[in-house]
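S.K.: Below: sequence and its predicted model.
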Amino acid sequence: MATHKLLLLPGDGIGPEVMREVEKIVGWFRKRGVGFETETDLVGGAAYDAHGASISEAAMDRAQQADAVLFGAVGGAKWDSVPYAVRPEAGLLRLRKELGLFANLRPAICYPALADASSLKREVVEGLDIMIVRELTGGVYFGEPKEIVTLEDGSQRAIDTQLYHTHEVERIARVAFDLARKRRNKVSSAEKMNVMKTGVFWRQTVTRIHKAEFSDVELEHVLADNCAMQLVRWPKQFDVIVTDNLFGDILSDIAAMLTGSLGMLPSASLGAEDPATGQRKALYEPVHGSAPDIAGKGLANPIAMIGSFGMALRYSFGLLDEADRLDKAIANVLASGTRTKDIAAPGTNPVGTQDVGDAIVKELEALS
Ligand code: IPM
Ligand code: MG
């Protein structure tokens, strides 16, 4: 039996509480004979408090060695004034960059039981199943120069640089087209070619890859602002949306809310496939943040975190039956009405973080 090495990085805020629920699920699969080995380390503010850095070198080494990293959440008011270079988010950005995790898959699925929890009308979101493919290691997050400069007259100037190379756009386009072929065969590519050179370049590059390698897939181009509007107007028109790092950050928060709660959306960040081993580096994290307002109270919804582990089963370990079973268990638990406060139906009593984890384990048991 192969052993899958998982590195758990719970992080800050609600990260540790939602990660504990994932550990229950990992434990259940382990009992059923799936070989998981787990290690835990610090990231974000927790790492800063312990080591003065948002991730230690030792934790980076462990991440490089792991078959998959499960990441909770980072940040909180406590670290608002720490130096920019060691702020909690820097640990996450370093992991993404140094592990080469250029492809961020953010599926937004509206479970039937949750159609009423969305702030949009039921008919707009019911049955929604879209995938946002966000470029994750380039663009304005990493482009240089990136600085605040004081000028001679004492005023200041701030610069971030939006920068893309051919290979960066080509490889993320390929990920999107490949995924579309396994879904409803449509890709919507979002940029701002009306005001940005990187937008013009993005559109040209995606168009070239489409023509050369994926002409069987339907491709449309959409301006990113219009994409945001269309996502709340009629999201079911989309299948796969491919976009850059910054637009992907924003569009995926919108998509998350369509599904009822930010606490529902998992994500996978994948590196390139190693041609020799067929393996790829991977990190799985919920789209939600550290939610300091509810941290430590046992109120957080663990489903985005548990769903992220489900994506690890699917994309890192090829355990498709197990991934399907976990998805089914989550759907059944939601349908049964066992829900945290963010998605509880009006007039029902919300349950806590641990109750949802326990209910999912129980449902896994019932399904097998
Ligand atoms: C996300 C988050 C991060 C990002 C933050 C925490 C740096 O918002 O994963 O969507 O901006 O990428
Ligand atoms: Mg975000």
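M.R.: Received it, and whenever you're ready, just let me know what you need. Ligands and ions are numbered 1, 2, ... in the order given.

S.K.: any idea how far ligand 1 is from Asp93?
M.R.: Actually, residue 93 is Leu rather than Asp. 6 Å (Cβ to the nearest ligand atom, to the nearest Å). C-beta here means a position set from N, CA and C on the backbone, and glycine is covered the same way.

S.K.: same question but for Gly310, I mixed them up
M.R.: Taken as Cβ to the nearest ligand atom, the span from Gly310 to ligand 1 is 18 Å.

S.K.: and that residue, what element?
M.R.: helix 303-315 (DSSP states H and E).

S.K.: repeat for Ala228
M.R.: Assigned by DSSP H and E, Ala228 belongs to helix 224-233.

S.K.: packing partners for that helix?
M.R.: Applying 3 or more Cβ pairs under 8 Å, 6 or more residues apart in numbering; DSSP states H and E, we find helix 224-233 packed against strand 186-191, strand 240-243, helix 245-258.

S.K.: Quick one: closest of these to ligand 1.
M.R.: The minimum distance between ligand 1 and the helices and strands packed on helix 224-233 falls on helix 245-258, with 4.5 Å, by Cβ to the nearest ligand atom.

S.K.: Buried ones in that closest one, by neighbour count?
M.R.: Residues 245-249, 251-258 are the ones in helix 245-258 that count as buried (16 or more other Cβ atoms under 10 Å).

S.K.: Could you do stretch 87-106 as well?
M.R.: Result for stretch 87-106 [16+ other Cβ under 10 Å]: buried residues 87-96, 99, 101-106.

S.K.: Next, the residue in the stretch 51-200 of the chain that ligand 1 sits nearest to: secondary structure please.
M.R.: In the stretch 51-200 of the chain, the residue that lies nearest ligand 1 is Glu89 (3.9 Å; Cβ to the nearest ligand atom). For Glu89, the secondary structure call by DSSP: H, G, I helix; E, B strand; the rest coil comes out as helix.

S.K.: Just to check, it is in contact with Val74?
M.R.: Yes: applying Cβ atoms under 8 Å, one finds Glu89 in contact with Val74, separated by 6.0 Å.

S.K.: What's the local residue count around Ser119?
M.R.: 10 (other Cβ atoms under 10 Å).

S.K.: That one touches Ala256, doesn't it?
M.R.: No: between Ser119 and Ala256 there is no contact under Cβ under 8 Å: 11.4 Å.

S.K.: where does Met1 land on pLDDT?
M.R.: Looking at Met1, its pLDDT stands at 62.

S.K.: swap in Ser119?
M.R.: Ser119 is given a pLDDT of 89.

S.K.: for the one 10 residues further on, same thing?
M.R.: As summarised for this prediction, Asp129 has a pLDDT of 96.

S.K.: Need the outlier residue of this structure, farthest from its centre.
M.R.: The outermost residue of the chain, judged against the average C-alpha position, is Asp153 (43.2 Å), by Cα atoms, centre = their mean.

S.K.: what helix or strand does that residue sit in?
M.R.: In this assignment (DSSP H and E), Asp153 forms part of neither any helix nor any strand.

S.K.: Narrow the buried residues of stretch 87-106 to those in helices?
M.R.: Pro88, Glu89, Ala90, Gly91, Leu92, Leu93, Arg94, Leu95, Arg96 (DSSP state H).

S.K.: ok, of the residues you listed, which one's closest to Glu21?
M.R.: Leu92 (20.4 Å; Cβ to Cβ).

S.K.: quick one: the strands in the stretch 151-300 of the chain?
M.R.: Counting by DSSP state E, counting those that start in this stretch, the stretch 151-300 of the chain has these strands, from start to end: 156-161, 186-191, 218-223, 240-243, 266-270, 282-286.

S.K.: those helices in this protein, which residues are they?
M.R.: Under DSSP H, the chain gives helices at 15-31, 45-51, 57-65, 88-98, 122-125, 166-181, 197-213, 224-233, 245-258, 303-315, 320-335, 353-367.

S.K.: just for the stretch 1-150 of the chain, where's the confidence low?
M.R.: For the stretch 1-150 of the chain, the stretches flagged by pLDDT under 70 are 1.

S.K.: In this structure Asp247 contacts Ser189, no?
M.R.: In this structure residue 247 is Phe, not Asp. No: Phe247 is not in contact with Ser189 according to Cβ under 8 Å; the separation is 10.4 Å.

S.K.: Overlap in contacts, those two.
M.R.: Counting by Cβ atoms under 8 Å, 6 or more residues apart in numbering, Phe247 and Ser189 have no contacts in common.
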